[in-house]
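In: Predicted coordinates and the sequence they were generated for:
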Amino acid sequence: MRMQSEAKPTMSQHELATLGLEFIAYMKPVVVEGQPLVAIHSANGEMVGLVPTREAASLAIRENELEPVSVH
C-alpha cells in the first residue's frame with residue numbers, strides 16, 4: 001500500500017532571511033586595515049557594528065537583548 005506523503009511546511013526567502021532577527025546576532029572575526037576586530041551582524045546578515053573584542057561584541061549584543069552566536 002502506498003502512503004500519501006504529508007505536505008512539508010515551507011518558508012519564503014523573506015521568512016528565512018528574517019528568522020531569528022529579533023532574538024540573535026552573530027559575531028564574526030574580521031580584519032579591517034590590518035586590525036583584528038569583531039563584526040556584529042543581525043540575523044539577516046546586515047553588519048551593525050565593529051568592536052575590538054569578542055567580549056565587547058557579546059556585551060553589546062546582550063545589552064540589546066539579543067543572544068550572541070559565533071560565526072567562524
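Out: Thanks, I have the structure now.
In: Report how many residues lie close to residue 42.
Out: Residue 42: 17 surrounding residues under other Cβ atoms under 10 Å. (Each C-beta comes from the backbone N, C-alpha and C, glycine too.)
In: Would you confirm that it contacts residue 23?
Out: No - applying Cβ atoms under 8 Å, one finds residue 42 not in contact with residue 23, separated by 10.6 Å.
In: Might you list the low-confidence residue ranges for the protein?
Out: Across the chain, residues meeting the criterion (pLDDT under 70) sit at 1-5, 14-21.
In: Helices of this protein, residue ranges please.
Out: 13-17, 54-63 (DSSP state H).
In: want to throw those helices into TSV with distance to residue 28 and mean neighbour count?
Out: As requested, these are exported to TSV (distance: least, Cβ to Cβ, whole Å; neighbours: other Cβ atoms under 10 Å):
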stretch	distance to residue 28	mean neighbour count
helix 13-17	17	10
helix 54-63	9	15
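In: Spit out the contact partners of the closest residue in space to residue 58 that isn't next to it in sequence.
Out: Sequence neighbours aside, residue 68 is the residue nearest to residue 58 in space, at 4.6 Å (criterion: Cβ to Cβ, 6 or more residues apart in numbering). Listed by Cβ atoms under 8 Å, 6 or more residues apart in numbering, the contact set of residue 68 reads 24, 25, 26, 27, 57, 58, 61, 62.
In: ok, now with 7 Å
Out: 25, 27, 57, 58, 61, 62 (Cβ atoms under 7 Å, 6 or more residues apart in numbering).
In: From residue 41, how far out is it?
Out: 11 Å (Cβ to Cβ, to the nearest Å).
In: Which neighbours do these two have in common?
Out: Common contact partners of residue 68 and residue 41 (Cβ under 7 Å, 6+ apart): residue 25.
In: circling back to that earlier point, which among the helices of the chain is found nearest to residue 31?
Out: Distance to residue 31, taken as Cβ to Cβ, is lowest for helix 54-63 among these, at 14.4 Å.
In: And the strands in the protein?
Out: Counting by DSSP state E, the chain has strands at residues 24-32, 35-42, 47-51, 67-70.
In: Can you add distance to residue 6 and give those strands back as TSV?
Out: Formatted as TSV, the strands of the chain follow (distance: least, Cβ to Cβ, whole Å):
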stretch	distance to residue 6
strand 24-32	29
strand 35-42	34
strand 47-51	39
strand 67-70	31
